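*Asks:* Any chance you could fold what I've pasted below:
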Amino acid sequence: MVKRVLIIAIVAAVIAAGAAYLLRPETGVPEAAPTEREMAASIGTDVMRHLHRGHVPGRSGEIMLVPKPHHFIIGDWDLTTLGSDTPTLSTSHPNPWAYLARVPIILYGDTVPRGRTIEESVDITQLAPTYARMVGFALDGTSAPLPGFDQLDPTPPKAIVTVVIDGGGWNALQEHPDSWPNMARLMREGTTFTNATIGSAPSVTGALHANFGTGTYPVTHRIPGNQMRGPDGKNHDTWQRNADPSFLEAPTLADLWDVANGNEAVIATVSYEGWHLGMIGHGAAFPKGDKDIAVLWELDEDAWWINENFYSLPAYLQETDISQLEAYEEQLDRRDHVEDGTWFGHTIEEIQEVNNQGKAVVRPGVPSFVRFTGDAVVEILRREPFGADGITDFYWIEMKMPDYAGHAWNVTNPEQADVIAETDAQIGRLVSELDNKLGEGRYVFAVSADHGQQPLPDLLGGWRINSNEIERDVESRFGTIVEKVTPSDIYFDVDVMEREGVRLADVARWLGTYTIGENIRDGAPGAENVPDARRDDKIFAGVFSTEFLANLSDQQIDSFGRGDYPQGDLTSPPQETGGIQAIP
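*Replies:* Got it, this is the predicted structure:
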């Protein structure tokens with residue numbers, strides 16, 4: 001009897017061990033996993049060049065993620081909304097594809113050629129060196145000036161004013177072509193670059209505003225995005241959540257120009273977050289620099305603010321007139337042409353609502369906030385001595401609201417059209433103010449954007465990628481090695497990886513096989529809504545380790561060619577890539 005029980009126990013143990021073996025998580029790299037070079041060739045030269053420029057070794061994540069077109073990374077999302085009339089609207093936009101990378105560059109002023117459209121491939125880093133040429137200033141180590149600006153007026157402009165529309169890329173403008181008549185007029189009366197891009201990837205605010213200001217790419221100015229690995233090895237906000245420019249390693253044109261002129265130039269910005277300060281630069285943190293004018297919005301306090309260790313907040317904006325913003329919000333109802341006490345169905349209470357962290361949920365993505373920001377922009381222009389001497393002044397303005405609206409309601413919806421329309425109205429207002437203060441045309445006015453926006457993936461065959469599930473699945477396969485997953489990269493505990501013998505290239509190759517089905521959490525409500533035909537679809541076009549990106553040569557990048565994705569063409573004239581068909 002005892003012997004029989006012992007045999008049964010042994011058999012049960014063997015069966016249990018076999019089951020555990022069969023059910024254990026797989027480890028390592030599957031045989032069919034693509035190499036990083038194969039993924040790069042599939043993506044193509046244009047996008048790989050942007051990725052190479054945008055990756056900052058030691059600061060970016062150790063692996064860069066490139067979702068397929070119209071796929072994007074967010075956190076947990078509600079699968080029960082899939083296929084419903086109320087899809088998840090939240091999106092992210094760090095991806096490198098043409099619909100996010102193509103942006104307008106519009107230049108206007110009496111020294112700017114009128115009615116000219118240029119289709120040559122350019123990018124936003126060429127604005128700063130173009131401005132330097134306009135004022136006769138040597139700016140070394142940057143991109144080349146924009147083509148067509150070799151013959152310039154010998155008298156420098158009194159001021160150069162640049163409006164950067166956050167999320168105002170061509171795809172957002174083309175989605176709502178009747179919403180920007182003032183910009184269309186500037187295009188007709190100035191010079192427009194229809195084949196411009198943001199110059200690097202990922203398409204993240206912090207990196208791209210530094211592209212504008214420095215005339216260089218992240219690999220040079222060292223701001224990889226909104227987050228980075230700091231000198232202490234920890235993950236940080238790139239402006240340290242305190243408008244602190246310490247991590248910006250390249251000078252901006254404004255830094256250099258101001259110091260060269262004894263800090264007599266007016267350097268100013270009205271923006272939204274510290275990430276946008278890369279347009280003007282370091283302020284008093286720059287050697288021999290001073291506290292340039294900088295005005296940001298403090299979301300927790302509903303007030304204008306700045307870090308006054310480095311910049312100056314004008315006295316007339318230190319007391320924020322929130323009642324004026326509330327008055328503008330009361331006027332929203334009339335904008336949607338339906339007198340029902342709401343703006344596109346959103347009540348004033350919803351617009352003013354804060355979350356449990358005390359942050360406004362949608363307030364900055366509404367036309368009332370655009371107008372309120374325009375008030376601050378105009379007040380600075382009126383009160384500060386722009387154009388008062390022979391030194392060209394620089395005014396950089398960031399309009400956050402279209403990006404905020406795109407995240408809240410999606411670029412395809414009517415809320416976005418109205419926010420773009422009010423942004424355009426404030427651009428028209430600013431041009432009129434410049435005419436009044438400086439004299440018609442005695443300035444250069446520019447409009448551009450830091451990226452496009454992500455339409456709903458449901459409309460274009462895309463997929464929302466769950467970043468939390470990526471972390472769980474990476475660690476199930478390779479061990480507890482993940483520090484943070486962002487919408488564009490993964491930060492790893494490299495000490496643990498080295499100790500456990502895990503290679504970044506192996507993780508990258510495995511993620512190159514990662515599917516929609518694998519990205520669905522076990523037992524997730526609504527998982528049955530995912531079509532079986534999509535579960536084996538690969539999520540990523542490419543996944544690249546820091547070693548691979550850092551060691552790419554120009555010759556290797558050129559060898560990748562066109563790639564497999566039409567959205568990876570960033571250099572052909574736009575009519576060949578489904579881009580800008582006509583300017584209104």
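
*Asks:* what about the strands in the stretch 201-350 of the chain?
*Replies:* Here the stretch 201-350 of the chain has its strands, by DSSP state E, counting those that start in this stretch, at 227-229, 235-237, 267-270, 292-298, 303-305, 311-312.

*Asks:* Buried by neighbour count: which residues of the second one qualify?
*Replies:* Along strand 235-237, the positions that meet the burial threshold by neighbour count (16 or more other CB atoms under 10 Å) are 236-237. The way it works is simple: take the backbone N, C-alpha and C, and place the C-beta from them, glycine included.

*Asks:* can you dump the C-alpha coordinates of stretch 483-495 into PDB?
*Replies:* The C-alpha trace of stretch 483-495 is given here as PDB (Å, rounded to 0.1, in the frame of the first residue of the first chain):
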ATOM      1  CA  GLU A 483      12.900  51.100 -14.700                       C
ATOM      2  CA  LYS A 484      10.400  53.000 -16.800                       C
ATOM      3  CA  VAL A 485       8.400  52.700 -20.100                       C
ATOM      4  CA  THR A 486       7.600  56.000 -21.800                       C
ATOM      5  CA  PRO A 487       5.700  56.500 -25.100                       C
ATOM      6  CA  SER A 488       9.000  56.400 -27.000                       C
ATOM      7  CA  ASP A 489      11.500  54.300 -25.000                       C
ATOM      8  CA  ILE A 490      12.400  52.000 -22.200                       C
ATOM      9  CA  TYR A 491      14.800  52.800 -19.300                       C
ATOM     10  CA  PHE A 492      16.400  49.700 -17.800                       C
ATOM     11  CA  ASP A 493      18.400  48.900 -14.700                       C
ATOM     12  CA  VAL A 494      21.600  48.200 -16.600                       C
ATOM     13  CA  ASP A 495      23.400  46.900 -13.500                       C
END
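
*Asks:* measure Trp239 to Ala360 for me?
*Replies:* Per CB to CB, to the nearest Å, Trp239 is found 20 Å from Ala360.

*Asks:* the more surrounded of those two?
*Replies:* Taking Trp239 and Ala360 together and counting by other CB atoms under 10 Å, Trp239 has the greater number of neighbours (23 against 19).

*Asks:* residue contacts, the more buried one?
*Replies:* The contact partners of Trp239, taken as CB atoms under 8 Å, 6 or more residues apart in numbering, are 206, 245, 247, 273-275, 277.

*Asks:* Quick check: the farthest pair among those?
*Replies:* Maximum pairwise distance among those (CB to CB): 14.5 Å, between Phe247 and Glu273.

*Asks:* If you rank the contacts of Trp239 by neighbours, which is first?
*Replies:* Among those, Leu277 has the most neighbours (other CB under 10 Å), with 31 neighbours.

*Asks:* Can you tell me how far that one is from Gly233?
*Replies:* Taking CB to CB, one finds Leu277 at 24 Å from Gly233.

*Asks:* Give me the below-cutoff pLDDT ranges for the stretch 351-500 of the chain.
*Replies:* Applying pLDDT under 70 to the stretch 351-500 of the chain picks out no residues at all.

*Asks:* Please produce a markdown table containing the strands of the stretch 201-350 of the chain, extended by distance to Leu186 and mean pLDDT.
*Replies:* Below are the strands of the stretch 201-350 of the chain laid out as a markdown table (distance: least, CB to CB, whole Å; pLDDT from 0 to 100):
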| stretch | distance to Leu186 | mean pLDDT |
| --- | --- | --- |
| strand 227-229 | 34 | 97 |
| strand 235-237 | 34 | 95 |
| strand 267-270 | 19 | 98 |
| strand 292-298 | 24 | 97 |
| strand 303-305 | 27 | 96 |
| strand 311-312 | 29 | 98 |
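
*Asks:* Pick the most buried one from these.
*Replies:* Per residue and on average, the most neighbours among the strands of the stretch 201-350 of the chain fall to strand 267-270, with a mean of 28 (mean count of other CB atoms under 10 Å).

*Asks:* ok, that strand: who's next to it in the sheet?
*Replies:* Its sheet considered, strand 267-270 pairs with strand 292-298 (parallel), strand 393-399 (parallel) by DSSP bridges.

*Asks:* What's the first helix or strand after the last one?
*Replies:* Helices and strands here follow DSSP states H and E; after strand 393-399, the next one along the chain is helix 401-409.

*Asks:* Okay, buried residues for whatever helix or strand comes next after that next one please.
*Replies:* Proceeding N to C from helix 401-409, the next assigned helix or strand is helix 414-438, under DSSP H and E. Residues 415-427, 429-431, 433-434, 437-438 are the ones in helix 414-438 that count as buried (16+ other CB under 10 Å).

*Asks:* now swap in stretch 527-535 and tell me
*Replies:* Those would be Val530, for stretch 527-535 by 16+ other CB under 10 Å.

*Asks:* quick one: it to chain centroid distance?
*Replies:* Centroid separation for stretch 527-535 versus its chain: 30 Å, with CA atoms, centre = their mean, to the nearest Å.

*Asks:* Could you do stretch 499-518 as well?
*Replies:* Worked out by CA atoms, centre = their mean, stretch 499-518 lies 26 Å from the chain centre.

*Asks:* Can you pull out the residues in contact with it?
*Replies:* Contacts for stretch 499-518 (CB under 8 Å, 6+ apart): 28-30, 32-36, 39, 62-63, 65, 463, 469-470, 473-474, 477-479, 481, 490, 492, 496-497, 530, 534-540, 542-548.

*Asks:* In helices, which of those residues fall?
*Replies:* Mapping the contacts of stretch 499-518 onto helices (DSSP state H) picks out 36, 39, 469-470, 473-474, 477-478, 496-497, 546-548.

*Asks:* Report the buried members of those.
*Replies:* Buried subset of the ones in helices among the contacts of stretch 499-518 (neighbour count, 16+ other CB under 10 Å): 36, 39, 469-470, 473-474, 477-478, 497, 546, 548.
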